[in-house]
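Novice: Need coordinates for the below:
(4 chains)
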There are 2 protein chains.
Amino acid sequence: MARARALCTERAVQLTPIREKVLAIVWRSHKPVGAYDVLDALARTHKAARPPTVYRALDFLMAEGLIHKIESLNAYLGCGEAGRPHTSQFLICRECGTAQEIVDGGFDKALEAATRRARFTVERKVVEISGICARCAH
Amino acid sequence: MARARALCTERAVQLTPIREKVLAIVWRSHKPVGAYDVLDALARTHKAARPPTVYRALDFLMAEGLIHKIESLNAYLGCGEAGRPHTSQFLICRECGTAQEIVDGGFDKALEAATRRARFTVERKVVEISGICARCAH
DNA sequence: AATCGGTTGTTATGTTGTATCATCTTGCCA
DNA sequence: TGGCAAGATGATACAACATAACAACCGATT
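Specialist: This is a model prediction of the structure:
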């Protein structure tokens, strides 16, 4: 969190109280959390919270690389490599609901080769693998 | 489409008129199409169509591997390798809206290695790359 | 004829995300 | 020191995406 504050200062963007609360809410869950769950949690300490309040904060945090959106769950997850440029992949366990962020160079290399072959300019990568994690498999 | 019919016969599942119409609607667009766009199109020839009608058909077609869902767009796309077991990745152009399905062995190999390392049992893969396609880049 | 599984009809509702315009705060500077 | 501009938030309404629940139908089997 100190790191998040430092990053925002460095970039001259504002990590306002609302944004910081939302970040804390997303961050403290190791499972992806839905926008309306964030809203419920935020509303406990911030009565005026409404959907746009939350979506604005989530958009800001995504733009700054502090959280990710898991598209296949419509949910949000704290980023493990906050602020550093990186691409990430997610392993999502359908049993326990956790999402693990992994960084895999081989993956990126294969992707780079495939997109270059297609002359495709990459802007955003969504890689979400669902299944059963090691712990839940026993 | 003949191929879709053959597959369903072989599997002893019913490609009913509604399902076939929905498949045709998804298939004839080379862009991913939203469920409510499908609904509008279906309703032209099938007045009774309602959201559940469409979602049931889409679920069936996905289960049979005839279409895919693009999670990052909440939209559906005809499958290029209908019925054959395969994993696919998508290149989605934000300019023209087309989504190209690519099959890349290197990708699958990298994924296999990464998931085995994590002792993760894969059930579903979502790989959606957004950006600018070759045609739109000029 | 009874019934059983699969499909569709129907109504309502739940979930996720945005548009729009008003208001407030802060810093700047003429 | 008054006014303006940019960024952030408040507030209302609505759009877009998806499912729950139960009724009705239909063909195949017994």
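
Novice: quick one: A:Val33 from B:Glu81, how far?
Specialist: Applying C-beta to C-beta, to the nearest Å, the value for A:Val33 to B:Glu81 is 35 Å. From N, CA and C alone the C-beta is placed, and that goes for glycine too.

Novice: Of these two, which one has the most company?
Specialist: A:Val33 (22 against 12; other C-beta atoms under 10 Å in any protein chain shown).

Novice: Please list all residues in contact with the more buried one.
Specialist: A:Val33 makes contact with A:25-26, A:75-77, according to C-beta atoms under 8 Å, 6 or more residues apart in numbering or on different chains.

Novice: what about A:Val26, which SS state?
Specialist: Remark: A:Val26 carries the secondary structure label helix [criterion: DSSP: H, G, I helix; E, B strand; the rest coil].

Novice: Which single one of the contacts of A:Val33 is nearest to DNA strand C?
Specialist: The closest of those to DNA strand C turns out to be A:Ala75 (C-beta to the nearest atom of the strand; 6.9 Å).

Novice: who are the neighbours in contact with the closest residue to the closest one other than its chain neighbours?
Specialist: Nearest non-adjacent residue to A:Ala75, counting by C-beta to C-beta, 6 or more residues apart in numbering or on different chains: A:Pro32, 3.5 Å away. By C-beta under 8 Å, 6+ apart, the contact set of A:Pro32 is A:70, A:73, A:75-77, A:92, A:97, A:99.

Novice: before we move on, the earlier item: out of the contacts of A:Val33, who's near DNA strand C?
Specialist: Of the residues in the contacts of A:Val33, proximity to DNA strand C by C-beta under 7 Å from any atom of the strand holds for A:Ala75.

Novice: re earlier: keep only those of the contacts of A:Pro32 that are in strands.
Specialist: A:70, A:75-77, A:92, A:99 (DSSP state E).

Novice: Of those residues, which is the most crowded?
Specialist: A:Ile92 (26 neighbours).

Novice: hang on, the earlier thing: using JSON lines, please lay out the ones in strands among the contacts of A:Pro32 together with pLDDT.
Specialist: As requested, the ones in strands among the contacts of A:Pro32 are exported to JSON lines (pLDDT from 0 to 100):
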{"residue": "A:Ile70", "pLDDT": "98"}
{"residue": "A:Ala75", "pLDDT": "98"}
{"residue": "A:Tyr76", "pLDDT": "98"}
{"residue": "A:Leu77", "pLDDT": "97"}
{"residue": "A:Ile92", "pLDDT": "97"}
{"residue": "A:Ala99", "pLDDT": "96"}
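
Novice: Cool, thanks, talk later.
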